[in-house]
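Trainee: predicted model and sequence follow; I will ask about them next.
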Amino acid sequence: MALLAHQLKTPLSTINALAQGLMRRADRLSTNDIRGRAEKIWRASLRLDELIETIMSYTRASAGGIVLNPSEFNPDDLIRRICREQGNQEPERPFHLDIQDLPDFIVGDPILLEQAFVIILSNAMKYSPPDQPIGIAARTEEDMIRITVVDKGIGVSERDLPFLMQPFFRGQNAKNLPGTGLGLSLAWHILKLHGGGLDIESEEGRGTSVTITLPETNITGFSYTI
Ligand SMILES: Nc1ncnc2c1ncn2[C@@H]1O[C@H](COP(=O)(O)OP(=O)(O)OP(=O)(O)O)[C@@H](O)[C@H]1O
Ligand SMILES: [Mg+2]
C-alpha cells in the first residue's frame, strides 16, 4: 500500500507544483509557456487516471472474479484500433504493425482482451524511449492467435523475469517510472480465462518481447476469481 500511495503521489505532486506555478506567474508567462505547463499537467493527470484505473480493475477482479462476456469480434480491427489510440498519445513513436492471416472472427471478451492488450502495449511504451519503435506482429498458428509486442527499452534483468506476473511486483530498473505492478498479473488472468497465455522474453538494456496466445474460440469458463 505504501508503494501504491507513493506512485499516486508522484503525478499529484507534479500537478500541484505546476498548477501553483501557473497561479503565481500566469501574467508573466508567454502563451507557449502556459501551453507547455498545461500539457504537463494533462500528462500527469493521465498517468494518475491510468494508475487508479489499474487499481480499480484489479480490486474488482479479486473481489468478484472476472466475469467473461464472450462475443464474436474481428481481432484485426481490435488490434489496429488499440494501436491507433495508444499511438495518438505518442505521435513521435513509430508503430510497426505486421498482422497476417488472422481469422475474420474470434470468440472472446473484447473488452477484457482490449484491457490485456493495452496493459502490454502501454508497458512497451512506458519502458522504452518515446522515439524508439514498437513492433506488433499477429499470426495464427494451429488455431491459436499469437500477438507479439516488441520494444527496444530498458528490458528486465534475468533475476526479475520470473516474477513479472506476480501482483505488485516491479522490476528493479522500473521503480523510478510510474506503475502499480498489477497490470501484467491482470493481463495474465484475462488470458488464462480465455484459455490462452502470456510469455515474456527480455534482455536488460536491450528490450522486451511479450507474446499473447489466444485460442480462436475456446473459452474455459464464465467467471474466474484471482
Ligand atoms: N515492456 C517492458 N519493458 C521492461 N520492463 C517491463 C516491461 N513490461 C513489464 N515490465 C516489468 O514488469 C513489471 C510488472 O509490469 P506491470 O505492468 O504488471 O506493472 P507496472 O508497469 O509496474 O505497473 P502498472 O500495472 O500500473 O502498469 C514492471 O514493473 C517492469 O519491471
Ligand atoms: Mg504496466
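Mentor: Cool, got the structure. Residues are numbered from 1 along each chain as shown. Ligands and ions are numbered 1, 2, ... in the order given.
Trainee: and the closest residue to ligand 2 within the chain, its phi and psi?
Mentor: Residue nearest to ligand 2 within the chain: Gly183 (3.4 Å; Cβ to the ion). No exception for glycine: its C-beta is placed from N, CA and C like everyone else's. Main-chain torsions, Gly183, degrees, to the nearest 10: phi -60, psi -60.
Trainee: for it, grab the count of nearby residues.
Mentor: Neighbour count for Gly183, taken as other Cβ atoms under 10 Å: 24.
Trainee: list the contacts for it?
Mentor: Counting by Cβ atoms under 8 Å, 6 or more residues apart in numbering, Gly183 makes contact with Thr54, Ile119, Ser122, Asn123.
Trainee: element containing the residue lying closest to the third one once chain neighbours are set aside?
Mentor: Excluding its sequence neighbours, the residue lying closest to Ser122 (Cβ to Cβ, 6 or more residues apart in numbering) is Gln86, at 6.5 Å. Counting by DSSP states H and E, the secondary-structure element that holds Gln86 is helix 75-88.
Trainee: partners of the helix or strand following that helix, with directions?
Mentor: Per DSSP H and E, the first helix or strand lying C-terminal to helix 75-88 is strand 95-99. If you go by DSSP bridges, strand 95-99 pairs up with strand 134-141 (parallel).
Trainee: any idea how far the longest helix along the chain is from the chain center?
Mentor: Assignment by DSSP state H gives helix 31-64 as the longest helix of the chain. Centroid displacement of helix 31-64 relative to its chain, using Cα atoms, centre = their mean, to the nearest Å, is 13 Å.
Trainee: show me the shaky parts of the protein.
Mentor: Within the chain, the stretches with pLDDT under 70 are 218-226.
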